[in-house]
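> here is the input, now give the coordinates:
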Amino acid sequence: MNALKKALGLVWIILGPASIIFLFLQAFEKIGLAEEGVNKTNTALQWGIILFIFIPICAGVVIFGYYALKGEYDKLPDDESL
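You can find the predicted model right below:
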């Protein structure tokens, strides 16, 4: 089980930056496709908010993956101690 946790930790570390790159690519594409004027401004504002929210979430996923890869979750508390 601990090997699975460490392997998934590596997956989380890769998934965080990959999702940010994907979001930035989508933002550039959608902003570029928007019509000039108010529509382009609204689209840029919406994507700015989306990126502002999801960048810290993705950073947390990377941190979670780092701790899983490091082995911090190998020793979980027993049900009796809860």
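
> what's the helix or strand encompassing Ala18 packed up against?
Ala18 belongs to helix 2-33 when assigned by DSSP states H and E. With contacts defined as 3 or more CB pairs under 8 Å, 6 or more residues apart in numbering; DSSP states H and E, the packing partners of helix 2-33 are helix 38-70. All C-beta spots, glycine's among them, are computed from the backbone N, C-alpha and C.

> list the buried ones in the helix holding Ala18?
By neighbour count on 16 or more other CB atoms under 10 Å, the buried set for helix 2-33 is 5-6, 8-9, 12-13, 16, 20, 23, 27, 31.

> can you check stretch 62-70 too?
Counting neighbours by 16+ other CB under 10 Å, the buried set in stretch 62-70 is 62, 64-65, 68-69.

> in contact with the residue nearest the centre of the chain, which residues?
Most central residue of the chain, judged by C-alpha distance to the mean C-alpha position with CA atoms, centre = their mean, is Cys58 at 2.3 Å. Shown in contact with Cys58 (CB atoms under 8 Å, 6 or more residues apart in numbering): 16-17, 19-20.

> let's go with 7 Å and repeat that
With contacts taken as CB atoms under 7 Å, 6 or more residues apart in numbering, Cys58 has the following neighbours: 16, 19-20.

> okay if I get those as JSON lines plus pLDDT and distance to Glu35?
As requested, the contacts of Cys58 are arranged in JSON lines below (pLDDT from 0 to 100; distance: CB to CB, whole Å):
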{"residue": "Gly16", "pLDDT": "95", "distance to Glu35": "33"}
{"residue": "Ser19", "pLDDT": "96", "distance to Glu35": "28"}
{"residue": "Ile20", "pLDDT": "96", "distance to Glu35": "27"}
